[in-house]
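J.: Next one to model:
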Amino acid sequence: NDKQTRTVIGVILLFLVLAITLAFGLLVLRAFYQKLFPSKMYDIFLCHHKAGAGVLCRWLKSKLLQQSKGQAKVFLDSDELEGLADIGDIVKSQSE
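T.: Next comes the predicted model:
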């Protein structure tokens with residue numbers, strides 16, 4: 001009976017160690033994947049003419065965020081005034 005109890009405890013501990021090792025391995029693989037294939041910074045890119053559609057774009061951004069329950073990452077050029085020199089790169093590499 002004592003030998004049987006030790007065997008059961010050994011099997012349980014073995015599965016626990018294997019589960020922890022598997023979980024750690026999956027976390028490492030996920031980290032490598034994210035490093036190799038980084039996600040885009042923005043899902044949606046909005047750009048507008050200053051005089052013509054500023055209010056419309058701001059309203060559209062708020063509706064998009066509302067529809068996605070805040071999950072969508074929306075770039076609105078007037079929100080990112082300090083980075084307008086890099087706007088071409090943002091469109092090319094950081095938006096879907």
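
J.: and stretch 33-47, how far from the chain's centre?
T.: Chain-centre distance of stretch 33-47: 8 Å, with C-alpha atoms, centre = their mean, to the nearest Å.

J.: Give the buried residues for that stretch.
T.: 42, 44, 45, 46 (16 or more other C-beta atoms under 10 Å). Quick note: C-beta positions are derived from backbone N, CA and C, even for glycine.

J.: if you skip the residues just before and after it, what's nearest to the second one?
T.: Once its chain neighbours are removed from consideration, residue 44 has its nearest residue in residue 74; the separation is 4.6 Å (C-beta to C-beta, 6 or more residues apart in numbering).

J.: could you measure the one you found against residue 89, distance?
T.: From residue 74 over to residue 89 the distance is 18 Å, taken as C-beta to C-beta, to the nearest Å.

J.: What of residue 20?
T.: Counting by C-beta to C-beta - residue 20 and residue 89 are separated by 42 Å.

J.: Return the backbone torsion pair for residue 27.
T.: Taking degrees, to the nearest 10, you get phi -60, psi -40 for the backbone angles of residue 27.

J.: what's the distance between it and residue 17?
T.: Per C-beta to C-beta, residue 27 is found 16 Å from residue 17.

J.: likewise residue 71?
T.: Distance, residue 71 to residue 17, using C-beta to C-beta: 37 Å.

J.: Reduced to three states, what does the residue positioned nearest the centre of the chain come out as?
T.: Centroid-nearest residue in the chain: residue 39, 6.1 Å away (criterion: C-alpha atoms, centre = their mean). Of the three states, residue 39 takes coil under DSSP: H, G, I helix; E, B strand; the rest coil.

J.: Can you give me the pLDDT of it?
T.: Taken from the predicted model, the pLDDT recorded for residue 39 is 74.
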